[in-house]
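Enquirer: dropping the sequence and predicted coords here.
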Amino acid sequence: MKQEKTLTIPLDRRVYLSLEEAMSYTGLDEKTLRKLSDGIYNSFVLWAGRRRLLKRQNMRAVQAAREMLEEYLENEVSAENEENQE
């Protein structure tokens, strides 16, 4: 029997990510990624039949925006807590 070699490419080297891979890569949940990638003419989605593939470079931008939003919210909460303590 002939053994086949499988090639595993790390997520940070792939051009396109499946929905599950994008969830792992960005930390976003499936519902959020589906909302962001809905529509036929979305700029960071490649449709292969019914399968949705997301462009990794655009996922980095989504991830960076998410991190900035989280940082902003943390700063707002800490500032609000400081005002309440005074």
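Expert: The structure has been received and is ready for your questions.
Enquirer: what is the mean pLDDT for the longest helix along the chain?
Expert: In terms of residue count, the longest helix belonging to the chain (DSSP state H) is helix 56-85. Helix 56-85 comes out with an average pLDDT of 78.
Enquirer: kindly report the same for stretch 5-25.
Expert: Mean predicted confidence for stretch 5-25 is 86.
Enquirer: end to end on it, go ahead and measure it.
Expert: Using C-alpha to C-alpha, to the nearest Å, the end-to-end distance of stretch 5-25 comes out at 25 Å.
Enquirer: and the longest helix of the chain, what's buried?
Expert: Neighbour counts using 16 or more other C-beta atoms under 10 Å place Arg56, Asn58, Met59, Val62 of helix 56-85 among the buried residues. Placement of C-beta: from N, CA and C, glycine included.
Enquirer: nearest spatial neighbour of the second one, chain-adjacent residues omitted?
Expert: Pointing back at Asn58 there. Phe44 (3.4 Å; C-beta to C-beta, 6 or more residues apart in numbering).
Enquirer: my guess is the one you found contacts Lys55. True?
Expert: Yes: between Phe44 and Lys55 a contact is recorded at 4.3 Å, counting by C-beta atoms under 8 Å.
Enquirer: with adjacent residues omitted, what lies nearest to Leu11?
Expert: Using C-beta to C-beta, 6+ apart and skipping residues adjacent in sequence, the residue nearest Leu11 is Tyr25, 5.1 Å away.
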